[in-house]
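Enquirer: build me a model from this:
(one chain, ligands or ions: 1)
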Amino acid sequence: MQTILNFIGGEFLPPQSGNYLNNYEPATGNIYSKVPDSDERDVALAVVAAKNAFPAWSATSIEVRSEIMLRIAALITERLEQLALAETIDQGKPLWLSKSMDIPRAAQNFHFFGTEILHFASEAHPTTGYLNYTLRSPIGVVGCISPWNLPLYLFTWKIAPAIATGNCVVAKPSELTPMTAFLLAAICKEAGLPAGVLNIVHGLGHEVGTAMSEHRDIHAISFTGGTNTGQKIAKIAAPMFKKLSLELGGKNPNIVFADCNLSDAALTSARAAFTNQGEICLCGSRIFIERSIYSEFKEKFIENVRKFTVGDPLDPATRQGALVSLAHLDKVLSYIQIAKDEGGTIALGGNQINPEGRCANGWFVEPTVIEGLGADCRINQEEIFGPVVSLVPFDTEEEALSMANSTPYGLAAVVWTENLSKAHRVAAKLESGIVWINCWMVRDLRTPFGGVKHSGVGREGGFEALKFFTEPKNVCVKM
Ligand code: NAD
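Expert: Residues are numbered from 1 along each chain as shown. Take a look at the predicted model:
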């Protein structure tokens, strides 16, 4: 049984409490490692380490920071097999997905921000007789809190821009998926990241996360997770005037117009609904289909969904792995029951699965397709975050837009049409931070990433992230 440790001031340390939480392998339901059950004392130690490291790190040249970050990226790539296996065992996603998406993207995050920092510049505003220029300084000690669905991918998406800009970080991965963050700590040490620049405190959200939100010397928090948790953090941090970046939940619409390329739409919509067990904030969980092609789309879509074979995440033939926790399995199953109670029809799936062999006690649910429910039903309003998708017909563009915009969320949307004007018109009217037209989850790391309404505040990605992690100061000089 492996014991995970905190990483504070360059050392691997047990939690001050001496207590550990169980860490489960979702595919088997077995406890396979122990995670520190840290509290505010560990956060306090991490903040001291970060504060001590800050003067030297913030004075380090961008070239040196960049070199260290590129070494981290290279080591992640070198250890792809080990990290991918660790991610899959911890999270439940198929191993091929960890290898092709999660771990390469974690390396890319360090590579991207490690090179972007070399091209980051600030503005000058010359005016008659005066010159204004903007200095951008690191904030100091910043907090990064990440969720369990894309563990190393999202953890590094926050840490990389924070350290590139000269900040020192106190970071908390999800207590459900701590393993790759633990392995990253060793990689950072090996790559020569100075002690205290990155500190990782493991533990529960309401303990470690709350202590981070409350700590006076953590001046900014970058958070990705649920909308309710974002509200809790904001309640504590906003009156302290901390800078906040909140990437929250979604209930993303996928609008299929009759003039689309039907094969592409059916294939990609299945991927958009069920990749990573539907546990991606960008998953299209509400599919609105123009009524004239409803039956044809449904048939093709379900044909593609049937290919999402559920089973052992280590089996290369598996397309859909296990759900992250028993609590999450119960939540997903409860929503399938709610759909039935609301009068919905299960067009495919709808059941828990117990595969044969080592995964017999794992947390698996069939890819589930529901129809017959209006856009205002709970199933079409609340985030399920699992392998459950709902099909809803529409008659006009206005109706599709009104249903798409009817939830409190506004993270991502997909539009399927071959009509260029319609594509642009609908994209402009969608209440959403991201719109994909005839594609899904194509990510260019330079683009602004984030949501509107209850899906969040602020943007990550590209220069937006470097701006978030720096404080601008205008200097005005008489010429
Ligand atoms: P969560 O909000 O339960 O937990 C996220 C992180 O916050 C974890 O590390 C957790 O320990 C911590 N946390 C929990 N309570 C806290 C508190 N009171 N104070 C501070 N930290 C606390 O979310 P989750 O279940 O891990 O992840 C799923 C959610 O994340 C979904 O809603 C999903 O849509 C969202 N998500 C959003 C994005 C995005 O980019 N917008 C990306 C991925 C996931």
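Enquirer: quick one: name the residues of the stretch 201-350 of the chain near the ligand.
Expert: By CB under 6 Å from any ligand atom, the residues of the stretch 201-350 of the chain that approach the ligand are 205-206, 209-210, 213, 224-226, 229, 232-233, 247-250, 281. Where C-beta positions appear, they are placed from N, C-alpha and C, glycine not excepted.
Enquirer: before we move on, what about the stretch 1-150 of the chain?
Expert: Within the stretch 1-150 of the chain, the positions adjacent to the ligand are I145, S146, P147, W148, N149 by CB under 6 Å from any ligand atom.
Enquirer: farthest pair in the residues you listed?
Expert: Farthest apart among these by CB to CB are I145 and N149. That separation is 13.6 Å.
Enquirer: return the subset of the residues of the stretch 201-350 of the chain next to the ligand lying in helices.
Expert: T210, S213, T229, K232, I233 (DSSP state H).
Enquirer: name the helix or strand for the residue sitting nearest the centre point of the chain, please.
Expert: Closest residue to the average C-alpha location of the chain: L154 at 4.9 Å, with CA atoms, centre = their mean. Taking DSSP states H and E as the definition, L154 sits inside helix 151-164.
Enquirer: beyond that helix, next helix or strand please.
Expert: strand 168-172.
Enquirer: how does this protein divide into domains?
Expert: 2-248+453-478, 253-437 (automatic domain parsing).
Enquirer: next one: phi and psi at P36?
Expert: When read as degrees, to the nearest 10, the backbone of P36 gives phi -60, psi 130.
Enquirer: that should have said A195, apologies.
Expert: phi -50, psi 140.
Enquirer: just the one 3 residues further on next, same as before
Expert: Dihedral angles phi and psi of L198 (degrees, to the nearest 10) take the values phi -120, psi 120.
Enquirer: distance check, it against the ligand.
Expert: 16 Å (CB to the nearest ligand atom, to the nearest Å).
Enquirer: how about that residue, what does it touch?
Expert: F7, I159, I163, C168, V169, A171, A185, C188 (CB atoms under 8 Å, 6 or more residues apart in numbering).
Enquirer: buried only: go through those residues for me.
Expert: Among these, those scoring as buried are F7, I159, I163, C168, V169, A171, A185, C188 (criterion: 16 or more other CB atoms under 10 Å).
Enquirer: right, and the fourth one touches A50 too?
Expert: So the one you mean is C168. Yes - under the criterion of CB atoms under 8 Å, C168 makes contact with A50 at 3.7 Å.
Enquirer: intersection of neighbour lists for those two?
Expert: V141, G196, V197, N199.
Enquirer: if we can go back for a sec, count the neighbours of the nearest residue in space to the residue nearest to the centre of the chain that is not next to it in sequence for me.
Expert: Once flanking residues are discounted, L154 sits nearest to S146: 4.5 Å by CB to CB, 6 or more residues apart in numbering. The burial count assigned to S146 is 26, neighbours taken as other CB atoms under 10 Å.
Enquirer: show me what contacts S146?
Expert: L154, F155, W157, K158, A171, K172, P173, S174, T224, G225.
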